[in-house]
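Asks: how does the following fold in three dimensions:
(one chain, ligands or ions: 1)
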Amino acid sequence: MSKKPLFILAPMDDVTDTVFRQIVESCAPADLYITEFVNVDGLQSVGRPKLLKKLQFTANEGPLIAQLWGLKPENFEKTTKEITDGSLARELGLPKGVNFVGVDLNMGCPAKSEVANGTCSALIKNRPLATEIIKATQKGAGKLPVSVKTRLGWSEIDLTWVEFLLGHKLDALTLHLRTRKEMSKVPAHWEVVPEIVKLRNKISPKTKLIGNGDVLSRAQGSELIAQYSLDGVMIGRGIFNDPFIFANKSPWPGYTREQRIALLKKHVQLFAKTWANGERRFDTLKKFAKVYISDFDGASELRAKVMDTTTPDELLAVIG
Ligand SMILES: Cc1cc2nc3c(=O)[nH]c(=O)nc-3n(C[C@H](O)[C@H](O)[C@H](O)COP(=O)(O)O)c2cc1C
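Replies: This next block holds a predicted model:
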């Protein structure tokens, strides 16, 4: 990882697949991308072919980290080994030399189903298992960087959780600055970052600290990085307001109806080509209607028509 501040596209399930990452890369590239979260226990079972689609990528994308979640440390180690030695990338059909640049562990997803299984943010309450998972992943990774993405605590902000993670000498730690209980309902707690930076400097100065939560522009991200001496910021939902969010000066506000529709068309066509055999639900594509079909006369009427479509061809016909 470089010394210059990192602007990272946050992993978002059913959003940041290879198709959308290629669109973002073509608009204004992020420094780093992360796959949707992928379950290692599923990957190491008969369910593997289906889950591999979540890891699909192309050589046209920027540097990509694979995000893993699950329960069994041995499956984290096995999957990470397959990533490190390149065999998983070959299985995805990528040429030699094209590979993931790291592995990220999801310890932040607050969804009830994941938490009920003791995975993701439930690990905040199970440090022995969190340790086993991190150690197994680090063992499988060898020299490949290993990072964790998590929240500030379970029901309350708990910096002993951050201290604990820093004790594992991670290559990077991304903090979504909310607790699990807060889901995404309150503003992110940027005010605790100075305390966290102090902990990082004391416990593990080489661990890169990435802040995440409510960043809505590159300029705002730059300010936060400077204000708190962070190594980078991760941007999630902000990309919905501006596909060019990673640009120094985004052209998006001035984009005409025609330009917006042309970008949507490109997205839909790439989706249809990439997922030609229905590997991905068409409905996931509709989530993007609001991104492109906005801020021009007749946008909401056109959006309503798009929401009634059921195939990429129908969608393309509606937008003309
Ligand atoms: C639709 C959606 C899907 C998400 N999926 C993931 C995921 O797979 N892995 C993960 O670590 N975080 C996931 N997140 C959380 C985001 O990565 C990010 O931490 C959160 O949205 C806060 O950042 P933001 O305010 O910039 O959006 C998801 C968020 C959204 C809105």
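Asks: can we go C-alpha only for contacts and neighbour counts from here?
Replies: Fine.
Asks: shaky segments in this protein?
Replies: 1-2 (pLDDT under 70).
Asks: kindly recompute the last result at 90.
Replies: Residues of the chain meeting the criterion pLDDT under 90: 1-3, 60, 185, 320.
Asks: residues in it within reach of the ligand, list them.
Replies: 10-13, 36-37, 106, 109, 149, 176, 212-215, 235-238 (CA under 6 Å from any ligand atom).
Asks: need the buried ones from those selected in ChimeraX.
Replies: Listed next is the ChimeraX selection for buried residues among the residues of the chain next to the ligand, using 16 or more other CA atoms under 10 Å:
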select :10,11,36,37,106,109,149,176,212,213,214,215,235,236,238
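Asks: residue boundaries of the helices in the stretch 151-300 of the chain?
Replies: 159-166, 193-203, 218-228, 238-241, 257-274, 283-286, 289-292, 299-307 (DSSP state H, counting those that start in this stretch).
Asks: quick one: the second one to chain centroid distance?
Replies: Going by CA atoms, centre = their mean, to the nearest Å, the spacing between the C-alpha centre of helix 193-203 and its chain's C-alpha centre is 24 Å.
Asks: likewise for the last one?
Replies: In this view, helix 299-307 has its centroid 28 Å away from the chain centroid, taken as CA atoms, centre = their mean.
Asks: doesn't Lys139 make contact with Pro145?
Replies: No: if you go by CA atoms under 8 Å, Pro145 and Lys139 don't touch, sitting 11.1 Å apart.
Asks: Lys125: how many residues sit nearby?
Replies: 13 (other CA atoms under 10 Å).
Asks: one more: the one 4 residues further on?
Replies: Other residues lying near Leu129 total 17 when counted by other CA under 10 Å.
Asks: would you double-check that it falls in a helix?
Replies: Yes: the assignment for Leu129 (DSSP: H, G, I helix; E, B strand; the rest coil) places it in a helix.
Asks: what sits against it?
Replies: Leu123 (CA atoms under 8 Å, 6 or more residues apart in numbering).
Asks: one more time with 10 Å
Replies: Applying CA atoms under 10 Å, 6 or more residues apart in numbering, we find Leu129 in contact with Leu71, Lys72, Pro73, Gly118, Thr119, Leu123, Lys135.
Asks: please report how far Val40 lies from Asn106.
Replies: Val40 sits at a distance of 11 Å from Asn106 (criterion: CA to CA, to the nearest Å).
Asks: same check on Val306?
Replies: 33 Å.
Asks: isn't Lys265 right next to Ile319, touching?
Replies: Yes: at 7.9 Å, Lys265 counts as touching Ile319 under the criterion of CA atoms under 10 Å.
Asks: which of those two has more neighbours?
Replies: The residue with more neighbours, out of Lys265 and Ile319, is Lys265; 18 against 15, by other CA under 10 Å.
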